[in-house]
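> quick one, what's the 3D model for this:
(chains A and B)
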Amino acid sequence: MSPPDQPSPAATGRDLTMRETVRAPSGTRVDLLLIAEMVRPGSRVLDVGSGDGELLELLATTRGCDARGIELSREGVNAGVARGLAIIQGDADIDLADYPDNSFDYVILSQTIQATRRPKWVLEQMLRVGTRAIVSFPNFGFWRMRLDLLVNGKMPSTENLPYRWHDTPNIHFCTIRDFVDLVAEVDARIDRAIALDASGHPVRFNLPWAVWNLLGEQAVFLLSRGK
Amino acid sequence: MSDTTVTPEISAPDAALDSSRLVEAARGEADHPHSALVRFGAERPLTLDSGAVLTPFQIGYQTYGTLNAARSNAILVCHALSGDQHAANVHPVTGKPGWWETLVGPGKPVDTDRFFVISSNVIGGCLGSTGPSSTNPATGQPYGLDFPVLTIADMVRAQAMLVDHLGIDRLLAVVGGSMGGMQVLQWTVSYPERVVAAMPIATAARHSAQNIAFHEVGRQAVMADPDWRAGRYLAEGTSPRRGLAVARMAAHITYMSDSSLHRKFGRNLQDRAGRTFSFDADFQVESYLRHQGEAFVDRFDANSYLYVTRAMDYFDLASDYGGVLANAFKGTKTRFCLVSFTSDWLFTTADSRAVVHALNAAGAPVSFAEIESDKGHDAFLLDEPEFFAIARGFIDSAARTIGVN
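Predicted coordinates:
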C-alpha cells in the first residue's frame, strides 16, 4: 500500500519546517498553512485543541470559514476569545460527544492526537461530527527518533517534542504506520496524506508507507468516512 | 448580589449615614427615581406571563455614552437580583459607586466612549421601575401583594419597550450576570433578531432546585417578620427590616465561596480579645454579614425581594420548547460568549456548559470560558482581569462585524 497521490501544496517553496519556532514570511505557523489549504473555502470547521486560535483566525481570514474551537487550557481559550474567536473551553476526550452528527464540514486535530486519552474514540467522534477530519501529528517512526532510542537507549526528545517522558502531555505517540492502521480500524478513508521531512519539506514521491514512516517527521492526513 | 462595594471590607455601618434618611430616599426612588424615566400609559400596557396586565407602568433607567447616527452601538446591561439601573454612576441612595463600574465606563470593556450603554431597573424592582412599592393608581396606596407576580420574560418584554422608546432596533450586545444573565438569555430567545451579541455571565438557563430553596428561605425570613404585615408594611408604616436582613445574610453566603470567606475572615474575632460567651457578633464573619444585611435593608424594598426572587425561580428557558433547550435557540444568528467562575457554586460551570451544549446543538456561534477565581458567584462584579479581557475581545469583535468603530 502506498500513500495516495499528494497534491503539490501551494506552500511549497516556503520553509515548511514544522517546528513551532519556524514561521512563514506571513508570520503564520507553516503546518497550519498546510492544513488550511486542505479546507474548502467557506466551510464550517471545528478545531479541536485550538490553542490560542491561530489556525481558527487563519481559516476565518484566508478561507472565509465559519471556524470554531475547543481548547483545554484556560489561557488558550481566553486569548482566543479575546481575539474575537468562537472558542469553547472543553476536553476533546469528553466534549466531542456533545456535538450533533454532521454539524461541521471539517473537524481538525492539529498536533493534539498524541495528547488525547482515547485517540480512537476521538477520531471516531471527529468523523461523526464532521464530514471530514484532518489530523496532523508528530511521527514517532521518524528515523531520528529511532536512532535516538537505538543509540542513547532513552526516550527521544526533539526540538518539536521537548518534554521528558515523565512530564509530558503527550501520552499516546504513534507512527505514520500506526495511524494508518487506526484509520482502517475506524473505517475511514484517506483522501490525502502529506509527510514532512526533517527540513520541513513534503516527502515528494509516492513511496511505500514504510519509507514515509522513516522520512516523515510530521504527517497531515485528510480523512473521510467509509473505506 | 452583594453590595455595590467593589471590594467589601469589614466595617460597621457608616454612622454618618442616617438609616431612616436612607430608607426615605429609597422610598422616594420607587416613584420618582434619580435617573431617566419612561412612562407607558394605558395605550401601552404590559401583558404578563401570568395573564395579568400591568398598566400604566414606568421604567427607571440610565444611559451612558452617545448613540451613533446609525443607532447601531447600543449595549443593554441587565442587573442582578439586588441591582438597579445605576451600573456606572454614583448610587443616589447609598452614595457608592455603580455596581458594574469594573466593566462599564470610559475605556472599560463596555466602553462608554464608543458605545451607548443602557441600564434599566427591572419591573418589580424598587428604584423607579413599577414594582410592589410603587403607588397603585387604583387605590393610591403602594401595591404590596396586589402587584402581579412576574417572570424574567416579563422583565425583558418591558426592556424591549424601553429600547423601542429609545428608537433602537437592534442591540449591539446584551450583557448581564446572574439574574442579568437570565435576562440576556431570554432576550436572545424572545427577540433573536434584535441581539447581535449576547454575553450571559455566571448564569443558567433555569433556576436549580437548590437555588429555589435558598430563595424560599429568604422569602420566609421576610414573611416571618411581624413588621411585614402581610405585605402591607408601607401602608401601615412599618418595615420588615429584620426579616429582609436575614434573607440578605443567607443569600450573601451563597454569593461567596468557602475559600473567600476563609481568606477574608478566617476565624478572626471582631474587635475583641476573646470569646464573649454570648451571641454577640464575636467573629468578623458575623459582623460582616450583619452589616451586609443592614446596608441592604436601607436601599431595597422587602416585597421587591419577594417578587424578583420569584421571577428567578420561575425561569426555565427550555420549558416553552418541550424541555429541549437547543430548540429555544434554533436558527439564532446571535453570537454568544458565556463565562463562569471556578468557585461559583450558585451558578456553576456545569450550568453554563448546559447552555453551551444547547447552543452548539443549535449551531450558534458560541464561546465559553471558565475563569479561575476564589471569589464565588460575586466574582463577576469584582476585579477579574481575565474576564475583562474576554469581555473586551468579544464585544469589540461583535462591533467589528456590524461596522461599529
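
> name the SS class of the residue positioned nearest the centre of chain A, please.
For chain A, residue A:136 is the residue whose C-alpha lies nearest the centre (CA atoms, centre = their mean; 1.9 Å). With DSSP: H, G, I helix; E, B strand; the rest coil as the basis, residue A:136 sits in strand.

> quick one, what contacts it?
If you count contacts by CB atoms under 8 Å, 6 or more residues apart in numbering or on different chains, residue A:136 has them with A:31, A:34, A:35, A:109, A:110, A:111, A:218, A:219, A:220, A:221. All C-beta spots, glycine's among them, are computed from the backbone N, C-alpha and C.

> tell me which entries of those lie within strands.
Cross-referencing the contacts of residue A:136 against strands under DSSP state E gives A:109, A:110, A:218, A:219, A:220, A:221.

> from these, which one has the minimum pLDDT?
Across the ones in strands among the contacts of residue A:136, the member with the lowest pLDDT is residue A:218, scoring 86.

> which parts of chain A are strands?
Counting by DSSP E, one finds strands in chain A at the ranges A:44-48, A:66-71, A:86-89, A:104-110, A:130-138, A:188-196, A:218-225.

> now these in CSV, with distance to residue A:122?
Formatted as CSV, the strands of chain A follow (distance: least, CB to CB, whole Å):
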stretch, distance to residue A:122
strand A:44-48, 7
strand A:66-71, 11
strand A:86-89, 16
strand A:104-110, 7
strand A:130-138, 9
strand A:188-196, 12
strand A:218-225, 12
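
> which stretch among those comes nearest residue B:67?
For those, distance to residue B:67 was read as CB to CB. The smallest value, 28.0 Å, belongs to strand A:86-89.

> which helices and strands does the closest one pack with?
Using 3 or more CB pairs under 8 Å, 6 or more residues apart in numbering or on different chains; DSSP states H and E as the contact test, the elements touching strand A:86-89 are strand A:66-71, helix A:74-82, strand B:366-371.

> need those in CSV with mean neighbour count and distance to residue A:56, can you?
Listed next are the helices and strands packed on strand A:86-89 as CSV, based on neighbours: other CB atoms under 10 Å in any protein chain shown; distance: least, CB to CB, whole Å:
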stretch, mean neighbour count, distance to residue A:56
strand A:66-71, 26, 4
helix A:74-82, 22, 7
strand B:366-371, 26, 11
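
> out of those, the one nearest residue A:99 is which?
Nearest to residue A:99 among those is strand A:66-71; the distance by CB to CB comes to 9.1 Å.

> from the contact counts, what lies against the closest one?
Here strand A:66-71 is seen to pack against strand A:44-48, helix A:54-62, helix A:74-82, strand A:86-89 when contacts are counted using 3+ CB pairs under 8 Å, 6+ apart.

> give me the contacts around the first one.
The set of residues external to strand A:44-48 that reach it, using CB under 8 Å, 6+ apart, is A:39, A:55-56, A:59, A:65-70, A:92, A:96, A:99, A:103-110, A:112, A:122, A:126, A:129-130.

> show me where the chain dips below the pLDDT cut-off.
With no chain named, the answer covers chain A. A:1-27, A:30, A:159-160, A:204-205, A:227 (pLDDT under 70).

> could you do chain B instead?
Filtered on pLDDT under 70, chain B yields the residue ranges B:1-19.

> kindly recompute the last result at 50.
B:1-16 (pLDDT under 50).

> give the contact list for residue B:317.
B:185, B:186, B:189, B:205, B:206, B:325, B:328.

> ok, of the residues you listed, which one's closest to chain A?
Closest approach to chain A among the contacts of residue B:317 (CB to the nearest CB): residue B:325, at 12.2 Å.

> who's in contact with the residue of chain A found nearest chain B?
Residue nearest to chain B within chain A (CB to the nearest CB): residue A:84, separated by 2.5 Å. The contact partners of residue A:84, taken as CB under 8 Å, 6+ apart, are B:393, B:394, B:396, B:397, B:398, B:400.

> can you pick out the ones from those residues that are in helices?
B:393, B:394, B:396, B:397, B:398, B:400 (DSSP state H).

> just among those residues, which is most surrounded?
residue B:394 (28 neighbours; other CB atoms under 10 Å in any protein chain shown).

> surely it touches residue B:337?
Yes: between residue B:394 and residue B:337 there is a contact at 4.2 Å, judged by CB atoms under 8 Å.

> any common contacting residues for these two?
Residues touching both residue B:394 and residue B:337 by CB under 8 Å, 6+ apart: A:81, B:197, B:199, B:367.

> would you mind measuring from the nearest residue to residue B:83 once chain neighbours are set aside to chain A?
Take residue B:83 and drop its neighbours on the chain: the residue closest to it by CB to CB, 6 or more residues apart in numbering or on different chains is residue B:99, 5.2 Å away. Applying CB to the nearest CB, to the nearest Å, the value for residue B:99 to chain A is 24 Å.

> ok, residue B:99 touching residue B:78?
No: applying CB under 8 Å, one finds residue B:99 not in contact with residue B:78, separated by 11.7 Å.

> with neighbour numbers in mind, choose between these two.
Under the neighbour definition other CB under 10 Å, residue B:99 and residue B:78 were set side by side, and residue B:78 has more, 32 against 27.
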